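Engineer: structure of the sequence below:
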Amino acid sequence: MKLRSFLHTLIAFVFVFAQAHAQRSSGSNARPAPSAAQLAWHDTEFYFFIHFGPNTFTNKEWGEGTEPESIFNPTDLDCEQWCRVAKLAGARGIVITAKHHDGFCLWPSRYSTHTVRESPWKAGKGDVLRELSDACKKHGLKFGVYLSPWDRNHPKYGTPEYNDVYANTLTELLTGYGELFEVWWDGANGEGKNGKKQTYDFPRFEKLVKKYQPNAVIFSDIGPGCRWAGNEQGTVNETNWCTLDTAGFGRGATGPATQTLQTGQENGKLWIPAECDVSIRPGWFYHSEEDNQVKTPETLFQIYLKSIGRGGNLILNIPPDRRGRIHENDSLSLQTFGKIIEHGFNQNLAFKKPAIVSERSSTSIKQLTDGSKDTYFQFLKRKETNDFGSVDIDLQVETSFNCLKINEKIKKTGQRVKSFSLQIWKEGAWVEVCRSTTIGARKILVFPPVKTNKVRLIIHDAIGFAEIGELGLYAVSFSPK
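Structural biologist: Numbering: from 1, shown residues only. Prediction:
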């Protein structure tokens, strides 16, 4: 009996201890965190958007849905060329407009008569999605689809039956082309004079994605996988929270305010990070008159810093021409942009350098400079100074750099940093070289070149605590070497 009583007491003690530990780990400091699919999406960072269809041949941005199928007839479609350019640019995936607002399907859908099957391309035997999905697999790229809910061609649009049509076409994409990493929805709904309106059954569509493609992230104004950044310039606010409240909001005209989409919400209940969309040209579809208006590599790099560098993802639109190929001007700019990224971030000058927890103890740590963003150092709030302390990194020799790259360990504890700065040791004193707000999946800051043998990372403010995965120092150039 004494043994049984002892065991009961021991079990009760262990239960109370475990419960208290769980409360300390997740209690008042609990924050939304990304799912496994969202974590993989964060790591994808940069991918192409491909706008291609009848608009390519009619020189329009929004088709009417009345264009004859015969208009679609690329002379030299080469999805592998798209993938080769994507790889050279540093992109890790491609999302294609499987169906735009005009209703034309780039695959032979059984639920439409406005498809590649009715076109002269490959005598009606072609399937753009099949060719692109196969090419992406071959070149190690992720594959995603944009399927416009608005359909200006289908006779059922504007009726309850259209939701069945859309669900069926969506299912074709979800089940017929291998694994998808993203499904892209906008909120377009009958815009224009006398346009039909449709009540979209998005909850039903979301269930289909979850059923057939559980690893795919859904993009829209309110996610649920990732959100629009609120503009089509490819940028997100410097303060960019991955958390958002969506109650009461819808997609399109009923979505959150632009400022909310740009910054997220510090205390948002859901993990819905920002995706930044922009086209390499003024338009989204190919127009020959824009051949000399392709964004320069330097402009693309600035966009990179204001999207990926602020914790968002970048989806860069590259419209194929009427041949079905990425134009030479776009390709050249993208290759040069890829070299800027490759050369700029190929050497972390802080890698394996000694790090000391300053002003708290002489504790040496390795997590911030070990080359892994998955290991982390936890900054805890200090009662005596009401801040989160700092870490010094000894570069050992005078080192020149102009860029800081840093990330939080978001996997389990979410996004927490509200303010941080980097200082350098110069002429016997600490001098601040950059300061910013949120970090999240990553923050990249570029500043005038400096030279020093020691740097200090300071966490000024955070929610509960801060977990920093990796600190990188780089010498980047805005033009390729």
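Engineer: care to break this structure down by domain?
Structural biologist: Listed domain ranges for the chain are 36-344, 355-474 (source: automatic domain parsing).
Engineer: gap between the two ends of the shortest one?
Structural biologist: Start-to-end span of domain 355-474 (C-alpha to C-alpha, to the nearest Å) is 17 Å.
Engineer: check the longest one too.
Structural biologist: Counting by C-alpha to C-alpha, the length from the leading to the trailing residue of domain 36-344 is 29 Å.
Engineer: most tightly packed of the domains of the chain?
Structural biologist: Counting by mean count of other C-beta atoms under 10 Å, domain 36-344 has the highest mean neighbour count of the domains of the chain, with a mean of 19. The C-beta positions use only the backbone N, C-alpha and C, and glycine is treated the same way.
Engineer: how about residue 366, nearest residue that isn't a chain neighbour?
Structural biologist: Of all residues not flanking residue 366 in the chain, residue 355 sits nearest, at 7.0 Å (C-beta to C-beta, 6 or more residues apart in numbering).
Engineer: and the nearest residue to residue 67 once chain neighbours are set aside, how far is that from residue 289?
Structural biologist: Nearest residue to residue 67, sequence neighbours excluded (C-beta to C-beta, 6+ apart): residue 54, at 4.5 Å. To residue 289, residue 54 is 18 Å away according to C-beta to C-beta, to the nearest Å.
Engineer: can you check residue 427 too?
Structural biologist: Note on residue 427: its distance to residue 289, by C-beta to C-beta, is 55 Å.
Engineer: over to residue 448?
Structural biologist: Counting by C-beta to C-beta, the separation of residue 448 from residue 289 is 39 Å.
Engineer: ditto for residue 395
Structural biologist: 51 Å.
Engineer: and residue 383, by the same measure?
Structural biologist: Here residue 383 is placed at a distance of 64 Å from residue 289 (C-beta to C-beta).
Engineer: for the residue sitting nearest the centre point of the chain, what are its contacts?
Structural biologist: The chain has residue 313 as the residue nearest its centroid, 2.4 Å off, counting by C-alpha atoms, centre = their mean. Going by C-beta atoms under 8 Å, 6 or more residues apart in numbering, residue 313 touches 41, 42, 44, 45, 46, 47, 226, 273, 274, 275, 276, 307.
Engineer: which residue sits closest to residue 48, ignoring its sequence neighbours?
Structural biologist: Take residue 48 and drop its neighbours on the chain: the residue closest to it by C-beta to C-beta, 6+ apart is residue 94, 4.6 Å away.
Engineer: and that neighbour, that one's in a strand?
Structural biologist: Yes. Residue 94 forms part of a strand when assessed by DSSP: H, G, I helix; E, B strand; the rest coil.
Engineer: hey, what's it bridged with?
Structural biologist: With DSSP bridges as the criterion, residue 94 is bridged to residue 48, residue 143.
Engineer: what's the separation between it and residue 318?
Structural biologist: For residue 94 relative to residue 318 (C-beta to C-beta), the value is 9 Å.
Engineer: shared neighbours of the two, which are they?
Structural biologist: 48, 49, 50, 82, 86.
Engineer: who's in contact with the second one?
Structural biologist: For residue 49, the contacting residues are 94, 95, 96, 97, 146, 277, 279, 315, 316, 317, 318, taking C-beta under 8 Å, 6+ apart as the criterion.
Engineer: tell me if I'm right that the residue nearest to residue 366 and residue 375 touch.
Structural biologist: No. Applying C-beta atoms under 8 Å, one finds residue 355 not in contact with residue 375, separated by 12.0 Å.
Engineer: who touches both of those two?
Structural biologist: In terms of C-beta under 8 Å, 6+ apart, residue 355 and residue 375 are both contacted by the residues 366, 367.
Engineer: on that earlier part again, mind putting the contacts of residue 313 in TSV, distance to residue 297 and secondary structure included?
Structural biologist: TSV is the format used below for the contacts of residue 313 (distance: C-beta to C-beta, whole Å; DSSP: H, G, I helix; E, B strand; the rest coil):
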residue	distance to residue 297	secondary structure
41	25	helix
42	25	helix
44	21	helix
45	17	coil
46	14	strand
47	18	strand
226	26	strand
273	26	coil
274	24	strand
275	22	strand
276	18	strand
307	15	coil
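Engineer: in JSON lines, list these along with distance to residue 64.
Structural biologist: Listed next are the contacts of residue 313 as JSON lines, based on distance: C-beta to C-beta, whole Å:
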{"residue": "41", "distance to residue 64": "34"}
{"residue": "42", "distance to residue 64": "38"}
{"residue": "44", "distance to residue 64": "34"}
{"residue": "45", "distance to residue 64": "36"}
{"residue": "46", "distance to residue 64": "33"}
{"residue": "47", "distance to residue 64": "29"}
{"residue": "226", "distance to residue 64": "31"}
{"residue": "273", "distance to residue 64": "35"}
{"residue": "274", "distance to residue 64": "32"}
{"residue": "275", "distance to residue 64": "29"}
{"residue": "276", "distance to residue 64": "29"}
{"residue": "307", "distance to residue 64": "33"}
